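>>> Okay, structure incoming, though there's no sequence with it:
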């Protein structure tokens, strides 16, 4: 595999809760400017699933805002088909200019040292960009996220969470040394996620500055916030609902994930509070517990300040520990709010059960209709994006082929099926299900090939 000597692979690894989603949305909005004016590429990377290895390529598919996700089941498989494919794709971009890859999952799901060791063999000029947040502030924000997201739905109180969780990368000195040992200290770019230490007081401008671009240019587009934060009351209400959902549906042998508040719904509550002018910045730690928590990281933080920032005073973060007010969850009474949440949860869960049953019935009716229209022909799915993947995950139909117009996806797999181009379509032997959001262009494309709507093909959204 060729090495590109001059251009840089700028590997942004988070950390989580340091504005990564906002940065990724910014990079996606400014992709054209980065490429045309500065020769820097922020590519969409195709997820490569390996049936043989039972894992995922290390840079799975980019979605709406260009993010690349690493799954908890990841198996690196250096030298495997997925690894070779993605490294080749990155090197193709590196032949043209610098490349940015942003993925906080590198720090939470992988052994970063092993990963970088293998990556540096196939891609020569790797730079790692990492943002550090003061550990107490990070765990407060991370706890809210774990309560909010549907696939985790944390049910423990904050005090229990802090007592029981041990987050290895909080030992920043050890964490950074592991990276520097592989890529070299001069290829490790460390930034501090603290407002007065961010260039321009925001993550987007700071990142541009970190990679050598002028953050003051008016050409940059700054999108709206993409990851709503919850205040202490919403977090506690969501946590209570999580607890009820797990207790009720664990007893019934069902998957609790489909019954708790969705991340989308609870995030909307956070959005509404922000729109109504709420600026709650209270925190879960009080000063004593915050000081006690930070005590075990003092030495590591001092080490980082002295070694990587050349600060003789050993101060890594500027804000004093007592600068944030402590949260006092606003309940009328514990018993009163608990009964409200219990009653609301019961109604919500019953409605969810009925809705799930109805959706299942409608899905069976839809699939029966598709089988009738197919009349024995092969069923081909057109669309290998988010909608196509969602269709494959919920359908019981036998899908013979998956096609997509994006040539970058051809040859890769989606839910175990190889993605091909539209040239394989044969009107007499294929019935097409189109699963894309805006399908007008695809409709015109396959109609020029002789396919008739509702006879030779259907739009999944129509049913």
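Now that the structure is in, tell me what you want to look at. The structure presented is a predicted model; accordingly, all values stated were derived computationally and were not measured.
>>> where exactly do the helices run in the stretch 351-463 of the chain?
Using DSSP state H, counting those that start in this stretch, the helices found in the stretch 351-463 of the chain span residues 386-394, 440-447.
>>> Dump these to a markdown table, plus mean neighbour count, distance to residue 105 and mean pLDDT.
Glycine gets a C-beta too; all of them are placed from N, C-alpha and C. Formatted as a markdown table, the helices of the stretch 351-463 of the chain follow (neighbours: other Cβ atoms under 10 Å; distance: least, Cβ to Cβ, whole Å; pLDDT from 0 to 100):
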| stretch | mean neighbour count | distance to residue 105 | mean pLDDT |
| --- | --- | --- | --- |
| helix 386-394 | 16 | 18 | 90 |
| helix 440-447 | 14 | 32 | 94 |
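>>> Now distance to residue 406 too, for these, in a markdown table please.
Listed next are those as a markdown table, based on distance: least, Cβ to Cβ, whole Å:
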| stretch | distance to residue 406 |
| --- | --- |
| helix 386-394 | 11 |
| helix 440-447 | 12 |
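>>> next structured bit after the worst-scoring helix or strand of the chain on mean pLDDT?
Of all helical and strand segments in the chain, the minimum by mean pLDDT, DSSP states H and E falls on strand 55-56, at a mean of 30. Next helix or strand after strand 55-56 toward the C-terminus (DSSP states H and E): helix 81-94.
>>> neighbours of the spatially closest residue to residue 31 that is not a sequence neighbour, just the number please.
Distances taken as Cβ to Cβ, 6 or more residues apart in numbering put residue 42 closest to residue 31, at 5.2 Å, once the chain neighbours are dropped. For residue 42, the neighbour count with other Cβ atoms under 10 Å is 22.
>>> Next, find the distance separating residue 42 from residue 104.
15 Å (Cβ to Cβ, to the nearest Å).
>>> Tell me how far residue 144 lies from residue 80.
Taking Cβ to Cβ, one finds residue 144 at 37 Å from residue 80.
>>> Could you do residue 173 as well?
For residue 173 relative to residue 80 (Cβ to Cβ), the value is 33 Å.
>>> Residue 16 now?
Counting by Cβ to Cβ - residue 16 and residue 80 are separated by 27 Å.
>>> Mind checking which of the two has more residues around it?
Set residue 16 next to residue 80 and count neighbours by other Cβ under 10 Å: residue 16 wins out with 19 against 16.
>>> List the contacts of that one.
By Cβ atoms under 8 Å, 6 or more residues apart in numbering, the residues touching residue 16 are 104, 107-108, 138, 142, 145.
>>> Now flag whichever of the residues you listed is closest to residue 291.
residue 138 (16.0 Å; Cβ to Cβ).
>>> mind listing what that closest one touches?
Residues in contact with residue 138 (Cβ under 8 Å, 6+ apart) are 15-18, 170.
>>> With secondary structure and pLDDT as new columns, can these be given to me in a markdown table?
Compiled in a markdown table, the contacts of residue 138 are given as follows (DSSP: H, G, I helix; E, B strand; the rest coil; pLDDT from 0 to 100):
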| residue | secondary structure | pLDDT |
| --- | --- | --- |
| 15 | coil | 93 |
| 16 | coil | 90 |
| 17 | coil | 92 |
| 18 | coil | 95 |
| 170 | helix | 95 |
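>>> so which pair among those is furthest apart in space?
It's 18 and 170 that sit farthest apart of those, by Cβ to Cβ, at 13.1 Å.
>>> Would you mind listing where the stretch 101-250 of the chain has pLDDT under the threshold?
For the stretch 101-250 of the chain, the stretches flagged by pLDDT under 70 are 109-110, 150-151, 226-228, 248-250.
>>> pretty sure residue 225 contacts residue 22?
Yes. Using Cβ atoms under 8 Å, residue 225 is in contact with residue 22, at 6.6 Å.
>>> When those two are compared, which one has more neighbours?
Using other Cβ under 10 Å, the more surrounded residue of residue 225 and residue 22 is residue 22, with 20 against 13.
>>> Show the pLDDT at that one.
Looking at residue 22, its pLDDT is 90.
>>> Quick check, it in contact with residue 229.
No. Using Cβ under 8 Å, residue 22 is not in contact with residue 229; the gap is 11.4 Å.
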